[in-house]
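Novice: Provide a 3D model corresponding to the input given below.
(chains A and B)
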Amino acid sequence: MLLHVCFLLYHNASIFSLPFFFPVLEARIQQLQSDIVLDVQHAKVQLVNASKSGRGASSGKSPKNVSGWRTELLKVGQTGKGGGKDASAYKSRWMEKLIQEKTTKTKKLNLKLGIEDKPVKSRKGKLMLPGTTQKNILTKAGKKTASTSKKSKTLKNQEPTAIQADTMAGAPVAAATVPIRKAKGKGKASKEPAPEFSEARDQELAELERKTEAKAQELAEVEKLEWKLNQWAMSASPELVQDNSEARMYEGVQLSVHCYLEACVFCGDIDRAQRLLLTHHRMISRRNLLNIGLYNVMMRVWAKKGSLNQIGRMFILVEEAGLKPNLTSYCAALECMGRTPNCSPKVINRVLRQMKEDGLCVEELFRLCVFRQDERDMVLRAIHTVEPDFQPSINTVLHTCSSPLVKDFYTERADAKYPKLAFSLEELRERFSRQLSMEQTSTITIHSVEAMKPVTPHMAKMRALLAEQRMVWHKALVGALRESNMILASITPKAVRLSLYPYLCLMDQKDYVDIMIQSLSNLPPSGESLHILAKELGNRVHNKFCIRMKSHNQMVDKLSHIYNEYAELLAKDSKDFDVLPRERWWKLEAEHSSGPSLLGDNTQWPHTVVVELGTYLVDLMVKHMKVNSDILNPANDRKFIPVLYHMYTFRSNKQVGFIKPHPILTQMQQDAMETTLTFDSYVMPMLCPPVPWTSAKFGAYLLTPTKMMRTVVGANQHEILLEKCQDADLHAVLDSLNQLGNAAWRINQPLLDIIISIFNDKGNEKLDIPPPNSEAPKILRYSQQDLATYSSAEKAHLKRELVKAKKKCSEMHSLRMDALYKLSIANHMRDEVFWFPHNMDFRGRTYPCPPYFNHLGSDVTRAILVFAEGKPLGPGGLKWLKIHLVNLTGLKKRSSLAGRLEYANTIMDDILDSADNPLNGKKWWQNADEPWQALACCMEIANAVRSPDPTHFISHFPVHQDGSCNGLQHYAALGRDVIGATSVNLIPCEVPQDVYSGVAQQVEEFRVRDSEKGLKIAQVLEGFISRKVVKQTVMTVVYGVTRYGGRLQIEKRLKEVDDFPKEYVWDASHYLVQQVFSSLKEMFTGTREIQDWLTESARLIAKSGNTVEWVTPLGLPIIQPYHRTRTQMLKGTIQDLSLQITHDSKQKPDTVKQKNAFPPNFIHSLDSTHMMLTALYCYSAGLTFVSVHDCFWTHALTVDTMNKVCREQFVALHSQPILQELSNFLLQKYCSGLSRL
Amino acid sequence: MSTQASKLFVVAVRSACCHPRARPTLKQSASPCSPRVLLQRRLFSLDSLSSGPGRPQPQQARTDRASPSSAPTHRNLSAVAVSVQDQSRPLGRYDFLDLGEVEENTQRAQLCRTIKRFIIDPALAKLVTQHLGPDLEDSKAVIFECNPGPGVLTRTLLNSGAQRVVTLEGEKSFLPDLQALECLLDGQLEVVHCDFFKLDPMGRGSMRPPAMYTDKLFTDLGISEANWTDEVPVKVVGILPQRIERSQLWKLLYVLFDRLSIYRYGRVELNMFISEKEYLKLMAKPGDMLNYRAFGALWQMACHIELLHKEPWASFVTSSKYKLAIPKSRLPNDNLCLVRMTPRKDLFSASLTPSNAATLVMMVKQCLAKRKARLVDRLNMWSPDSGPKLLKEMGMQEDVLTGHVYPEEYKQLFELVDKSQEFTQSWLYEEVLENTQKEGWI
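Specialist: Numbers count the residues shown, from 1 in each chain, chains lettered A, B, ... in the order given. Next up is the predicted model:
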């Protein structure tokens, strides 16, 4: 230990100039005093320090010694990363254990079976040709254990380092994964038999065995052996996972400390941050939880202050904690030196040398570090003092995605004609600045569509009253917040407990209160659960903080600069580019490398912090927002009553904390009918094309933080996976997201006006326009006396009615509000052109980011959206419009396209009438499946046919092409199931096939059979089995709907049938769901087999303690985040909250969910891949393309092209050996323990 | 004795008229019947001669019965006398029923498809019977036995002279035997295919047996609604299914306060085996901040609760092949407790009626959601400034915690609240209606 300490001091003393030596000493002494372990050396250390230069013989020895294990450690860390799994140091350790276990077991087994070791080995040699990676891991794992056994003392330090190395150094990870990926590719050749995983595998094996007939018998035995080993591997893994989970344990603590420090630093409370880090550091148990990132936070602070002493001190702490400084640490050190005037070049040189010794290079520093403000320039200045000519190289080499599916797309650009937007550069730039200013204010207030209604005097009075009250509340809350902050600040924090204080100082009190008041107006009259309310509030604060942080880091100017140049790519009046938006942005960013990085590095707060902060704010609201009880009714006594109250509701024996508005507040809000709505800025569509996704972390909105992969809050396994991905592998995914986001939209104004007129009138439930609250059933109140006169049965009935009415009311309210938001946003954007930035869920399905108003929404929202860009109909456009209309009606499902067109022509009168007199005419459109879209289409057709030349009519209208039961299509293609494929239109047919009718027919056959047998329910169902009854269930069966869910779906349909006897609904639905399942089994043989294989694989994987992972053909890594539920208690003043966390990767996987969800998730990942491929190739064909999962939209002119691309890409996708690759991947990932023998 | 004899006579005549069907002919057992004492604890198990496997053959057994020493057996003797005269008459209430072999009953219980516990041990059955009342033969209360399974308790009850036993069996497979027994007897036993714990369901699904509405069950049995203050009309005995133990107890509590479901028919007395931990929670006293909750407080308020007996889990036979895991708990949980819950006569009064009782339930639930909150804060929340006044009226300390208030005090408090004008505008009243319904127990 002594040597170690001496080494540290020696090193640091020589790196840095001397003045900071004494504080260091002090710190040292402090630490030593608190550190019992080190206490003994106390005196000696001082001695060494006193000699200053400290190059005594004793210290001379130590560096070698220590660096010896350090480098070793580094290697281990790296190989760990090479394993391609998180916390791999642990993995390698348990692998080692497993291998040992296995070898002994094999030996035993071999003895039993009488097989000599030799043949096994020779077989292995043959089968495992490219086993290089495995070997690597094996040997290095060996080293690792060797080193741990050598020095038990160092073990403690190694652990955090390994973890931290993994989380911090993104780049080496990515680099390290390259060979692995290649090896994976080769891995196909390696033949490990695992019968339960793959039949194909078996076949291959069989072939192999035929070839080597001489050894056939022997091989069979070997296979048996291996199979058994495989079983062991499975059974052994739960233990492994536990090991793994230990490593993950620290993540939570690290994250919360990190966020705490960041928050302290942001609000300028550096003392607090430093104090916290030091208290953690001094307690050995806590110190082990820290990682280098936490020390870096403080280093950056001191670097800003130019305080070299402090930096040196931090370096000592880092060494003492057994951590290794990383790029960011050195970056901070250099920055600090850059800020220090006349910093001696010698010192800088030492830092650089030290960096080199640690295996880090300066180039990497500029490539990988995230810079804020002028940090980069400062670092550069420091380097320039020693190396005046140094210029960080700009890496402009673009890697391309390796997937064969998109090879053409990236390499053959000559023919590509990427679409341009119909805007001039000037316009785009102007739009950008508007969007920027909107995001900077972080909220936007718009007029709701109800503003069109006249204002009555009572409304005016109520509005004034409400406004006045808001002022009062605002003032009260600001005061309360200030006071409570003062109390919080004065409390000396307990050793390691993280208080909320820094999170409450990020902004002015006023800003917090604004957020609180805003949430008040969104509170439904029936209240909201405390958890949800708190989450909302907390997230708002976080969002606002992120935006502040970005402007604080001075990145806005740079963003504007780059965006303005980027706009050239899209503008119609600038030159053509042969690069994609992502590539362009990337290049621009590389060219403008000076200044702060665009990539925000602020971390997502842990969910607990968000909720805790939210609860705190809610508590303030409940306590301090009061109103006079006589405000509405002077007859009441004047009392000061709270506006919100906290109470509990009880749901199946669980008590849920609820925040409810006082009836007085609800009354005021309802009477005032306020016509402004305040939204967070990200709720609105963007006013300029979104920032292209250039990595998984950067893209979409200008300032608002957005995740590329939306996940359950707090789940980070996806992010970890994405980070590990090699950049190039994500390109196709990023580009398709960018393409979807670049589609410009505008509002279909005539239709919006019609809808708003109905909305502001009385709504229309049939047309899906929710009626206002005034139309809701009255909630009757009964006085006690009335009730007493009823019999108990009547009372029960009354109560039931009352409940129904209440439920209906709250449903209506939420529907109404939802529609109000959508329509108001649409109305606000009525003259604008706008964009929807896109991101995706964890399976790769894409979604527009704005939550309320987007093209994924209901019929109503879809109907009011049209493309901003118009294209002439061309020769076939009108035809497509008409066919599209027929599709929207839901009629003629079994007619060919020609048949549908013909049908459309026969009803032209109805169509024109609908277009001309939508509300007063024959109302043909109202009976369509999708009435509003049908109406919009009618209008478009009417305009087109009435134009002088329909082929030149400029149409903005999106025409949809829908997949027919997309899930089944993919299954049929995967299984090469000809019959199944025919029924879902994968094989050309005269007439479109309709799988739902097919299933309905089959079910009907079963029914007839059963009814002849005398089954009552089959007889009752006569004449009731239709396409509609089975459709939803058929559609969802492929997505894993269970019999239970299927029954509910059918029950719902049967209830809609008026003349179906109600008493049989349950039995009938029960019977029908069984029949639907067996019909599907009969019709889609391949589907069931694939599903079963997927399910069984997932079950085994989950049972072995792993989560199911796979990679889509486009290279997107996917992991199923389903784990056993963990409950976390959150203490709060108002109540304790218990959070149910189901995604915690430290928990064992939830086998049932992993198993049930794998087939649908896998199919979703395929359909998303198909969509992305189509999007990409449509882009190079110059098409406007958007998608709603399996429904693709484009202009009428380009439908044919899109259809062609869609088909080609479907074929291309399924020409890949998808299942084979999945099988290989799973074998590689989950059974590779076997290959290490 | 004479009354009994005449009763017997009536029974014989009635059965002759009403049961034209002859009772099933009895197979003569080939094996000689050897009397075997099953368990020492039993008082009069001398009858357990089982004649051959399969169906109980009481007549056969009766003839060989050993000398009586207690009242019931005494009656049995007279029954024997009658039966000798008239072989084809139905069994009277003094005929002694054979309980069957323990092993055989165990096997049958284990065949049950749903996971349940059964009383198979005759001694246990006897014990339960004794607890159901010393005067079974004179009590007018109908005994509902829930899920009897092989029917050991049923027979024991009948043997002890219970006037009227209704078995509510949810499992189809047990029905034939029970129905056979019903046929043998003369109206003392009625068998209904019904699960007591599925009465008045709220969920979806078809209303087929064993799910049932209470009014159908009671109408079919000819039991009419009674006043609350009348004597106990029905005694229910059974084992609360482990999985739904708590929700069942809640459900019963809701219907009790609303006087719905079974409680429409008067103060139905429950004699239920519940797990020890649940019993301890039920009986938790104020001040026990961890366990004293609305659940216990409301039960204590509504019922007179009596612990009759504790029996180790192992004494019960489980239908599952696998051991039914005994739920873990911080509280001791080694036994199943036979608990009697008799609704209090004075539960309802002028100010507390079934129509506003739901508000009381809600009030207690809200109060005891957080036991360390001050009562005065809760009251103030419902009606500002009224807290101190009410507490003063109650004679309570200003700073009393909700977890320190006795169930009875909550009831008084509610009566005061209900009277007070200030609370009429309180949201408390509105809340209640919604929430009890949300639970779904009507």
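Novice: tell me which parts of the stretch 951-1100 of chain A are close to chain B?
Specialist: A:1051, A:1063, A:1066, A:1067 (C-beta under 8 Å from any C-beta of the partner chain). C-betas here are computed from N, CA, C, even on glycine.
Novice: what about 10 Å?
Specialist: A:1047, A:1048, A:1051, A:1063, A:1064, A:1065, A:1066, A:1067, A:1068, A:1069, A:1070 (C-beta under 10 Å from any C-beta of the partner chain).
Novice: Which of these sits closest to residue B:107?
Specialist: residue A:1070 (31.9 Å; C-beta to C-beta).
Novice: quick one: contacts for residue A:712?
Specialist: A:607, A:718, A:842, A:1121, A:1122, A:1141, A:1142, A:1143 (C-beta atoms under 10 Å, 6 or more residues apart in numbering or on different chains).
Novice: Now name the helix or strand holding it.
Specialist: Taking DSSP states H and E as the criterion, no element holds residue A:712; it sits outside all helices and strands.
Novice: Next, find the distance separating it from chain B.
Specialist: Plainly put, residue A:712 is 26 Å away from chain B if you go by C-beta to the nearest C-beta, to the nearest Å.
Novice: where are the low-confidence patches of chain B?
Specialist: Along chain B, segments meeting pLDDT under 70 span B:1-95, B:202-207, B:320-324, B:422-442.
Novice: now the strands: where do they sit in it?
Specialist: Per DSSP state E, chain B carries strands over the ranges B:117-118, B:142-146, B:165-169, B:189-193, B:234-239, B:269-275, B:303-312, B:317-318, B:335-343.
Novice: which helices and strands does the fourth one pack with?
Specialist: If you count contacts as 3 or more C-beta pairs under 10 Å, 6 or more residues apart in numbering or on different chains; DSSP states H and E, strand B:189-193 packs onto strand B:142-146, helix B:152-159, strand B:165-169, helix B:175-184, helix B:214-221.
Novice: Chain A: which of those is closest?
Specialist: helix B:214-221 (8.0 Å; C-beta to the nearest C-beta).
Novice: still on that earlier bit, between the residues of the stretch 951-1100 of chain A next to chain B, which is nearest chain B?
Specialist: Nearest to chain B among those is residue A:1066, at 4.0 Å by C-beta to the nearest C-beta.
Novice: Residue B:411 - how many residues pack around it?
Specialist: Neighbourhood size, residue B:411 [other C-beta atoms under 10 Å in any protein chain shown]: 23.
Novice: so how far is residue B:340 from residue B:373?
Specialist: 33 Å (C-beta to C-beta, to the nearest Å).
Novice: residues in the stretch 601-750 of chain A within reach of chain B, list them.
Specialist: So far as C-beta under 10 Å from any C-beta goes, the stretch 601-750 of chain A lies against chain B at A:622, A:626, A:629, A:633, A:636-637, A:639-642, A:645-653, A:655-658, A:660-664.
Novice: what's the residue nearest in space to the middle of chain A sitting at in phi/psi?
Specialist: The centre of chain A sits closest to residue A:710, judged by C-alpha atoms, centre = their mean, with a distance of 1.7 Å. When read as degrees, to the nearest 10, the backbone of residue A:710 gives phi -80, psi 140.
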